[in-house]
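Novice: no sequence for this one, just the structure:
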């Protein structure tokens with residue numbers, strides 16, 4: 001049977017390439033609020049669970065106490081001696097790097113083992129791994145293993161920190177007892193100081209032993225050099241005195257004597273020459289001037305001259321006194337002459353003796369110089385051997401001095417570190433911090449719950465917004481219908497009760513949706529079929545779909561239009577169904593015979609009918625065309641509740657002939673996979689959804 005009526009003009013033509021696939025769902029930032037609100041039980045449940053776990057942990061976990069000891073470390077050590085084995089040098093950063101390295105030293109095995117031994121910690125079940133559980137399991141360990149376990153446990157309970165820009169180390173120990181924590185912190189701080197002193201003493205001891213071991217070798221080398229010098233001198237007949245050759249010393253002394261003799265000879269020769277120039281008179285010589293005898297005689301002479309002059313004035317020239325005085329004057333002058341002659345003779349004698357001595361010394365020097373020339377070549381080698389000997393002696397002396405210094409440094413502690421604050425027992429427990437744990441559990445639960453909610457949403461996404469729905473079905477969203485009515489959710493019959501049950505907002509949204517569906521002008525003016533809307537949804541949205549279909553029909557009727565409402569929903573469970581649309585599509589009834597108006601309304605209702613036999617699709621389309629053509633005489637709009645098309649194939653003729661195919665979905669509830677399945681079912685029936693209406697349960 002062929003239809004004589006034209007096919008419905010398609011606002012969205014089917015496209016085989018797009019029939020089975022639609023735009024991927026997208027989520028905008030504004031949709032996160034809807035996701036979190038819908039998945040709020042995930043978030044609150046996670047917060048409650050983590051908070052409960054944190055609370056139980058805080059209540060049942062044994063309390064731990066922390067105590068801290070403070071150590072001040074000066075990078076510049078004490079300068080006890082000049083040549084210290086451990087020289088004190090400050091790095092360019094002010095010693096911060098040096099102090100920072102001490103953090104690792106405090107946590108080293110040597111320091112911790114000293115503290116363990118000092119506190120007998122290997123016998124403490126809290127640290128030695130021999131607690132109640134270990135004893136019950138029979139896992140007692142040997143003494144060596146116990147020390148290792150104690151060391152590992154102490155390391156886990158130890159924290160060494162240095163604040164920024166300070167040279168102080170904080171040694172923090174945590175234990176189940178406040179007194180034990182303080183005891184261990186002080187023990188570790190003290191063990192660090194002892195370890196540093198011991199390390200420096202060991203370095204000094206090792207250096208001293210190393211230097212002492214070299215002393216014997218240096219001593220032997222000095223002895224060998226001394227023996228070589230002595231053997232060389234003996235072989236070359238070279239006698240040394242005061243570090244020099246005796247021949248060299250004699251030559252030096254004789255040269256000195258010769259110089260003195262030459263000087264004396266020259267002085268005496270000058271005196272002799274002076275006397276000779278004065279005709280043998282030595283009256284004006286320096287020896288005469290220095291002679292006491294000459295001075296005395298000159299004084300007598302002066303006295304006698306005065307006396308003679310006085311007597312010559314007072315007495316006559318023949319007076320005996322004058323004559324006696326004159327005779328005394330002559331005798332005195334003779335004595336002076338004889339004394340001057342003796343001086344001249346002595347001077348010449350001294351000159352001759354000095355000249356002879358000079359000549360003798362010159363002869364001796366000449367002889368020694370000839371002998372010295374023979375030992376010059378041997379002296380070169382001797383001086384070389386002596387220089388080697390002096391160098392070896394200097395090295396040996398330095399070794400000997402350094403060995404003594406390092407030996408003394410063994411007992412000197414030059415470490416410039418001290419404990420400035422001893423650890424005190426803590427008054428409050430450091431773990432578990434219950435308020436902090438609860439706060440962390442709350443915020444962590446919020447974060448984790450939000451993540452789980454988002455994961456759950458993205459693993460099974462739902463319709464979140466109009467934009468997402470429009471992107472998924474590639475059709476416009478006509479509006480968002482509130483799910484709640486003014487007086488509740490009960491369904492109302494078509495007619496006057498609607499005004500009481502429906503809200504003004506719902507009327508506005510549905511009315512605007514009707515105007516948008518039929519304002520495109522794509523229907524020809526002389527189109528013989530009545531305008532029709534088929535409402536469909538996923539199988540789980542039956543209630544909302546039926547409500548939206550009734551709202552569309554009632555909204556059109558409230559504006560004076562006569563509406564035919566066809567209920568083609570396959571979800572009915574009538575025990576004795578009356579003839580309806582399925583009977584019309586099989587050609588068994590005319591729709592006028594099986595439809596009826598609701599009391600007091602402009603809406604005629606056509607039920608589903610009896611599904612006793614399956615009709616051919618071509619026959620169904622033909623009779624659907626006839627039904628819509630004949631309905632145009634009595635109605636201005638046909639609203640069809642097509643049910644879930646994925647489960648209602650009997651509605652395919654209506655899908656083929658409907659002007660608008662509206663897909664209904666609930667925000668934050670309808671899974672996107674159901675939307676895609678419904679759209680694919682429409683596509684399989686030869687159409688695509690032309691619009692969508694969303695239901696907001698939160699409105």
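Specialist: Everything's here; your move. Being a predicted model, the structure only gives us computed values, none of them experimental.

Novice: ok, what's across the strand from residue 638?
Specialist: As for beta bridges, residue 638 partners with residue 532, residue 564 under DSSP bridges.

Novice: so for stretch 629-647, what gets flagged as buried?
Specialist: By neighbour count on 16 or more other Cβ atoms under 10 Å, the buried set for stretch 629-647 is 629-631, 635-646. C-betas here are computed from N, CA, C, even on glycine.

Novice: what is the burial count for the residue nearest to residue 211 when sequence neighbours are not counted?
Specialist: Spatial nearest neighbour of residue 211, chain neighbours left out: residue 403 (4.3 Å); criterion: Cβ to Cβ, 6 or more residues apart in numbering. Using other Cβ atoms under 10 Å, residue 403 is surrounded by 19 other residues.

Novice: hmm, residue 403 is touching residue 218, no?
Specialist: No - Residue 403 lies out of contact with residue 218 (Cβ atoms under 8 Å); the separation is 10.2 Å.

Novice: on that earlier part again, from the buried residues of stretch 629-647, which ones fall inside helices?
Specialist: 629-631 (DSSP state H).

Novice: quick check: residue 529 is in a helix.
Specialist: No - counting by DSSP: H, G, I helix; E, B strand; the rest coil, residue 529 is not found in a helix; it is coil.

Novice: what distance do you get for it to residue 621?
Specialist: For residue 529, the distance to residue 621 equals 12 Å [Cβ to Cβ, to the nearest Å].

Novice: who touches both of those two?
Specialist: Residues touching both residue 529 and residue 621 by Cβ atoms under 8 Å, 6 or more residues apart in numbering: residue 657.

Novice: doesn't residue 507 fall inside a strand?
Specialist: No - using three-state DSSP, the secondary structure at residue 507 is helix, not a strand.

Novice: wait, it touches residue 557, no?
Specialist: No - judged on Cβ under 8 Å, residue 507 makes no contact with residue 557 at a distance of 11.9 Å.

Novice: more crowded one of the two?
Specialist: Neighbour tally, residue 507 and residue 557, criterion other Cβ under 10 Å: the higher count belongs to residue 557, 23 against 16.

Novice: for the more buried one, pull up the helix or strand it's in.
Specialist: Residue 557 belongs to helix 542-558 when assigned by DSSP states H and E.

Novice: which positions within that helix qualify as buried?
Specialist: With burial defined by 16+ other Cβ under 10 Å, the residues of helix 542-558 counted as buried are 542, 544-558.

Novice: quick check, nearest of those residues to residue 379?
Specialist: Nearest to residue 379 among those: residue 544, at 128.1 Å, using Cβ to Cβ.

Novice: next one: residue 234 from residue 224, what distance?
Specialist: According to Cβ to Cβ, residue 234 stands 16 Å off from residue 224.

Novice: what of residue 149?
Specialist: Residue 149 is 60 Å from residue 224, by Cβ to Cβ.

Novice: where does this protein have its least confident helix or strand?
Specialist: Ranked by mean pLDDT, DSSP states H and E, the weakest helix or strand in the chain is helix 498-501, scoring a mean of 42.

Novice: re the thing from before, more neighbours, residue 149 and residue 224?
Specialist: residue 149 (17 against 12).

Novice: in the stretch 1-150 of the chain, mark out all the strands, start to finish.
Specialist: 65-73 (DSSP state E, counting those that start in this stretch).

Novice: and the gap between the residue nearest to residue 194 when sequence neighbours are not counted and residue 66?
Specialist: Leaving aside its chain neighbours, residue 194 sits nearest to residue 114 (6.2 Å; criterion: Cβ to Cβ, 6+ apart). From residue 114 across to residue 66, the span is 21 Å (Cβ to Cβ).

Novice: average model confidence for the helix or strand containing residue 619?
Specialist: Per DSSP H and E: residue 619 is located in helix 617-631. Average pLDDT, helix 617-631: 86.

Novice: so how far is that helix off the chain centroid?
Specialist: Relative to the chain's own centre, helix 617-631 is displaced by 79 Å; criterion: Cα atoms, centre = their mean, to the nearest Å.

Novice: buried residues, that helix. List them.
Specialist: Across helix 617-631, burial judged by 16+ other Cβ under 10 Å covers 617, 620-631.

Novice: what does it contact?
Specialist: Counting by Cβ under 8 Å, 6+ apart, 1-3, 5, 528-530, 532, 564, 581, 584-587, 590-592, 638, 650, 652-654, 656-657 sit against helix 617-631.

Novice: show me which of those residues are buried.
Specialist: Among the contacts of helix 617-631, those buried by neighbour count (16+ other Cβ under 10 Å) are 3, 529-530, 532, 564, 581, 584-586, 591, 638, 650, 652-654, 656-657.

Novice: check contacts around residue 315.
Specialist: By Cβ under 8 Å, 6+ apart, the neighbours of residue 315 are 321-322.

Novice: read off the pLDDT value for it.
Specialist: pLDDT, residue 315: 74.

Novice: how about residue 163?
Specialist: In this prediction, residue 163 carries a pLDDT score of 85.

Novice: buried stuff in stretch 166-177?
Specialist: 167, 169-175, 177.

Novice: tell me who's in contact with residue 463.
Specialist: Contacts of residue 463 (Cβ under 8 Å, 6+ apart): 469, 472, 665-670, 672, 675, 694.

Novice: give me the secondary structure label for residue 560.
Specialist: Secondary structure, three-state DSSP: residue 560 is coil.

Novice: not counting its neighbours along the chain, what's nearest it?
Specialist: Closest residue to residue 560 apart from its sequence neighbours, by Cβ to Cβ, 6+ apart: residue 602 at 7.3 Å.

Novice: and residue 483, by the same measure?
Specialist: Once flanking residues are discounted, residue 483 sits nearest to residue 697: 4.1 Å by Cβ to Cβ, 6+ apart.

Novice: ok, how many other residues are close to residue 48?
Specialist: 14.

Novice: that should have said residue 165, apologies.
Specialist: Counted with other Cβ under 10 Å, the neighbours of residue 165 add up to 7.

Novice: once you drop chain neighbours, what's closest to it?
Specialist: residue 96 (7.5 Å).

Novice: and what of residue 304?
Specialist: residue 329 is the one closest to residue 304 (Cβ to Cβ, 6+ apart), at 4.1 Å.

Novice: measure the one you found to residue 167 for me?
Specialist: Applying Cβ to Cβ to residue 329 and residue 167 gives a distance of 107 Å.

Novice: ditto for residue 386
Specialist: Distance from residue 386 to residue 167, by Cβ to Cβ: 54 Å.

Novice: residue 39 now?
Specialist: 54 Å.

Novice: and what of residue 275?
Specialist: Using Cβ to Cβ, residue 275 is found at 94 Å from residue 167.

Novice: try residue 66
Specialist: Applying Cβ to Cβ, the value for residue 66 to residue 167 is 22 Å.

Novice: try residue 393
Specialist: In terms of Cβ to Cβ, residue 393 sits 46 Å off from residue 167.

Novice: same question, residue 467
Specialist: Plainly put, residue 467 is 63 Å away from residue 167 if you go by Cβ to Cβ.

Novice: can you give me the pLDDT of residue 250?
Specialist: pLDDT, residue 250: 73.

Novice: got a list of what the residue nearest to residue 194 touches?
Specialist: Listed by Cβ under 8 Å, 6+ apart, the contact set of residue 114 reads 191, 194-195.

Novice: most neighbours, which of these?
Specialist: Highest neighbour count within the contacts of residue 114, by other Cβ under 10 Å: residue 191, with 23 neighbours.

Novice: pretty sure it is touching residue 118, no?
Specialist: Yes - between residue 191 and residue 118 there is a contact under Cβ under 8 Å: 6.5 Å.

Novice: what count of nearby residues applies to residue 611?
Specialist: Residue 611: 16 neighbours (other Cβ under 10 Å).

Novice: any weak-confidence spans in the stretch 551-699 of the chain?
Specialist: Within the stretch 551-699 of the chain, the stretches with pLDDT under 70 are 570-576, 598-600, 612-615, 699.

Novice: on that earlier part again, now do the residue nearest to residue 194 against residue 186, distance only.
Specialist: Using Cβ to Cβ, residue 114 is found at 13 Å from residue 186.
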